[in-house]
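K.L.:
pasting the sequence and the predicted coordinates here, then a few questions.
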Amino acid sequence: MLNKNLIKFIVSIFLFLFSTNSMAADETIEMLNKLGKESMVYSKKIVRVDIGDTVYWKATDKGHNVEFIKGGVPEGVEKFKTKFNKDTQYTFKIPGIYAYWCTPHKSMGMIGFVVVGNDKSNLEDIKKIKFYSRSKKIAPELINSL
């Protein structure tokens, strides 16, 4: 028969492993003025989540927001545009690729992508997005890595 302390230990490990795995898919992305040699960036350019997971955008530096790009989200997704300087979150319920940018810094390359449920069925729509200036230069490499 197993020792009661050993049983408690095994149950504790089991609960710890399953509780952290269930929360591990949520992602946090910081909105930054500078990251390494880059300026006006999201801390993560591409994140992958499952349906039902939430992405949190943290307004670490001022002057940024999150806006889903028109034509750059799966069918059925409503417009999403946040206020400046505010932490925000979005829970993803529809699979596919979501393209977004910081409204005032989109031409400076402040773009990102969320891939939900490993579904890339709207990839051709993503490739048709009209990016601007620096975003136009970095978008193809990011899109190819989706």
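P.N.:
That came in fine, so what should we check first?
K.L.:
I'd like the next helix or strand past the longest strand anywhere in the chain.
P.N.:
Using DSSP state E to assign secondary structure, the strand with the most residues in the chain is strand 27-35. Sequence order places strand 38-42 as the next helix or strand after strand 27-35, per DSSP states H and E.
K.L.:
residues making contact with that next one?
P.N.:
Residues outside strand 38-42 that contact it (C-beta atoms under 8 Å, 6 or more residues apart in numbering) are 29-35, 57, 64, 102, 105, 108-112. All C-beta atoms are positioned from the backbone trio N, CA, C, and that covers glycine.
K.L.:
quick one: strands adjacent to that strand?
P.N.:
strand 27-35 (antiparallel) (DSSP bridges).
K.L.:
list the buried residues for the strand it pairs with?
P.N.:
Using 16 or more other C-beta atoms under 10 Å as the test for burial, strand 27-35 gives 27, 29-32.
K.L.:
and that strand, C-alpha only, in CSV?
P.N.:
Provided in CSV are the C-alpha atoms of strand 27-35 (Å, rounded to 0.1, in the frame of the first residue of the first chain):
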residue,chain,number,x,y,z
GLU,A,27,-0.2,34.4,-24.9
THR,A,28,0.9,37.9,-23.7
ILE,A,29,2.3,40.4,-26.3
GLU,A,30,3.8,43.7,-25.3
MET,A,31,3.4,46.8,-27.3
LEU,A,32,6.8,48.4,-27.4
ASN,A,33,8.7,51.5,-28.6
LYS,A,34,11.9,49.5,-28.9
LEU,A,35,13.0,45.9,-28.8
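K.L.:
starting at the chain centroid, how far to stretch 74-82?
P.N.:
Here stretch 74-82 is found 14 Å from its chain centre; the criterion is C-alpha atoms, centre = their mean, to the nearest Å.
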